[in-house]
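S.K.: need a structure here:
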Amino acid sequence: MDCLLVPVRPGTQTVSLRTVRLPSGERVGIAFTTMNRLIEIMGPAQPWIRLDERAIKSMLAPLGIHRIQVDPGLLAPSPNAHPLAGTPDMARPPHRRAPRRPERRARRRPAAANRSPASPG
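M.R.: All right, here's what the predicted structure looks like:
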């Protein structure tokens, strides 16, 4: 049985297999046959482990995931994806802050000493 390269999310003492959602909403495991494919889709910083298909399926089964997408093409997050929901980090747009508003400066009022006294009426 051939081993596959499986993207993972490292924890303190364990790793979690990366999963994605298909457009249908079904959650699937992902694996790659070559390092080049993994890097092309997930990026060079993506941690991975080598597992055979039977091991991948046994790790995903308790999560209710019974399908593995081997050498997936473009991966994109669902519109409501949370960063820890299993979507690839590279697929999320960068966080953008709202533009800063220019600071309003208080209008300076002339000091009392500079005011001319009111003329008597």
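S.K.: Output the longest strand belonging to this structure.
M.R.: strand 3-10 (DSSP state E).
S.K.: tell me the secondary structure for Ile39?
M.R.: Using DSSP: H, G, I helix; E, B strand; the rest coil, the structure places Ile39 in helix.
S.K.: Can you report how many residues neighbour the closest residue to it other than its chain neighbours?
M.R.: Among residues not flanking Ile39 along the chain, Gln46 sits closest, at 7.6 Å (C-beta to C-beta, 6 or more residues apart in numbering). Glycine gets a C-beta too; all of them are placed from N, C-alpha and C. By the criterion of other C-beta atoms under 10 Å, Gln46 has 18 neighbours.
S.K.: Tell me if I'm right that Gln46 and Pro7 touch.
M.R.: Yes - using C-beta atoms under 8 Å, Gln46 is in contact with Pro7, at 5.2 Å.
S.K.: Distance-wise, check Ile56 relative to Ala31.
M.R.: 6 Å (C-beta to C-beta, to the nearest Å).
S.K.: Need the overlap of contacts for the two.
M.R.: Contact with both Ile56 and Ala31 is made by residues Leu4, Val6, Ile68, according to C-beta atoms under 8 Å, 6 or more residues apart in numbering.
S.K.: Am I right that the last one is in contact with Arg54?
M.R.: No - under the criterion of C-beta under 8 Å, Ile68 makes no contact with Arg54, lying 10.6 Å away.
S.K.: Of Ile56 and Ala31, which one has the most company?
M.R.: More crowded of Ile56 and Ala31, by other C-beta under 10 Å: Ala31, with 25 against 21.
S.K.: Tell me which helix or strand that one sits in.
M.R.: Applying DSSP states H and E as the criterion places Ala31 in strand 27-31.
S.K.: what about the helices in the protein?
M.R.: Secondary structure of the chain by DSSP state H: the helices cover 35-42, 53-60.
S.K.: So which other helices or strands are in contact with the first one?
M.R.: By that I understand helix 35-42. strand 3-10 (3 or more C-beta pairs under 8 Å, 6 or more residues apart in numbering; DSSP states H and E).
S.K.: in the strand it packs on, what's buried?
M.R.: Leu4, Leu5, Val6, Pro7, Val8 (16 or more other C-beta atoms under 10 Å).
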